[in-house]
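**Q** no FASTA, just this:
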């Protein structure tokens, strides 16, 4: 008589992707365009042309989505950008919204 039991481990094999969040850059009348481009290039890893285009969208439209990330990455990048802005005396603002 066998006392061993057979247990089947059922896993789906698919990994659920993390929720995505949009990082929104907001316009203000004091933060320089050069600073915005620098943040887009250094922190959000945009190429020069994309950084210039996004900066103009923020300038003309008041806001622009500058990236889509899992929440932790979005929050970290926003924190870095705002910290850099405060160090340089800019009232720069960003927000995170569910994508």
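**A** Happy to help now that I have it. Values in this document were obtained by computation on a predicted structure and should not be read as measured data. Numbers count the residues shown, from 1 in each chain.

**Q** Please name every helix or strand in contact with the biggest helix by length in the chain.
**A** For the chain, the longest helix by residue count, based on DSSP state H, is helix 71-87. With contacts taken as 3 or more CB pairs under 8 Å, 6 or more residues apart in numbering; DSSP states H and E, helix 71-87 sits against strand 20-26, helix 33-42, strand 63-70, strand 93-98. C-beta here means a position set from N, CA and C on the backbone, and glycine is covered the same way.

**Q** 7 Å - rerun?
**A** Applying 3 or more CB pairs under 7 Å, 6 or more residues apart in numbering; DSSP states H and E, one finds that helix 71-87 contacts strand 20-26, strand 93-98.

**Q** Give me whichever of these is most buried.
**A** Sort the helices and strands packed on helix 71-87 by mean neighbour count, taking mean count of other CB atoms under 10 Å, and strand 20-26 sits at the top with a mean of 19.

**Q** how distant is it from the center of its chain?
**A** Relative to its chain's centre, strand 20-26 lies at 6 Å (CA atoms, centre = their mean, to the nearest Å).

**Q** Packing partners of that strand?
**A** strand 63-70, helix 71-87, strand 93-98.

**Q** Dump those into a markdown table; add mean pLDDT and distance to residue 26 as well.
**A** Output for the helices and strands packed on strand 20-26, formatted as a markdown table (pLDDT from 0 to 100; distance: least, CB to CB, whole Å):
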| stretch | mean pLDDT | distance to residue 26 |
| --- | --- | --- |
| strand 63-70 | 98 | 5 |
| helix 71-87 | 98 | 11 |
| strand 93-98 | 98 | 4 |
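
**Q** Which one of these lies nearest to residue 16?
**A** strand 63-70 (11.6 Å; CB to CB).

**Q** by how many degrees do that closest one and helix 71-87 diverge?
**A** Put simply, strand 63-70 runs at 130 degrees to helix 71-87, going by axes from the mean of the first three to the mean of the last three CA atoms, to 10 degrees.
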